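In: model this:
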Amino acid sequence: MSKTAELEIKVGDLVMFKPTNIPGALTAAKYMGRMEKRFAGRPGLVIRIPIKTKTGTSVLVQIENDSIVIPSQYLEVINEDR
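Out: Below you'll find the model as predicted:
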C-alpha cells in the first residue's frame, strides 16, 4: 500500500512524482507532462512544508540542482526521515 503524501510527508523525506488523480483538462495534462520531465524518474528531497497556494498545500522539493514547488497530492513518500 502506498503512503499518502498529504498525511505523512515531512522535511527530509525522499519523494517520487506519482500522481494518482490526474485532472482531465488540457492545462493539467501539460502540467503533469512538465513535472514528469523535471523529475525524470529521480527521487526528490522535501526541503520545506507546507507552502499554501491557491490549489491547496504544496511542498518544496529539491532534485539535484532544481527546486520544485508541487502539490503534495502528486507525491509519494519512498523513504522517511527518522
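
In: hmm, who's touching the longest strand seen in the chain?
Out: Assignment by DSSP state E gives strand 44-53 as the longest strand of the chain. With contact meaning C-beta atoms under 8 Å, 6 or more residues apart in numbering, strand 44-53 is reached by 9-17, 57-63, 67-69, 71-72, 75. Quick note: C-beta positions are derived from backbone N, CA and C, even for glycine.

In: one more time with 10 Å
Out: Applying C-beta atoms under 10 Å, 6 or more residues apart in numbering, the contact partners of strand 44-53 are 5-6, 9-17, 38, 56-64, 66-72, 75, 77-79, 81.

In: Out of the residues you listed, which end up buried?
Out: By neighbour count, with 16 or more other C-beta atoms under 10 Å, the contacts of strand 44-53 hold 5, 9, 13, 15-17, 58-61, 63, 68, 70-72, 75, 77 as buried.

In: Just the ones of the residues you listed in strands?
Out: Secondary structure from DSSP E places 15-17, 58-61, 63, 68, 70-71, 75, 77 of the buried ones among the contacts of strand 44-53 in strands.
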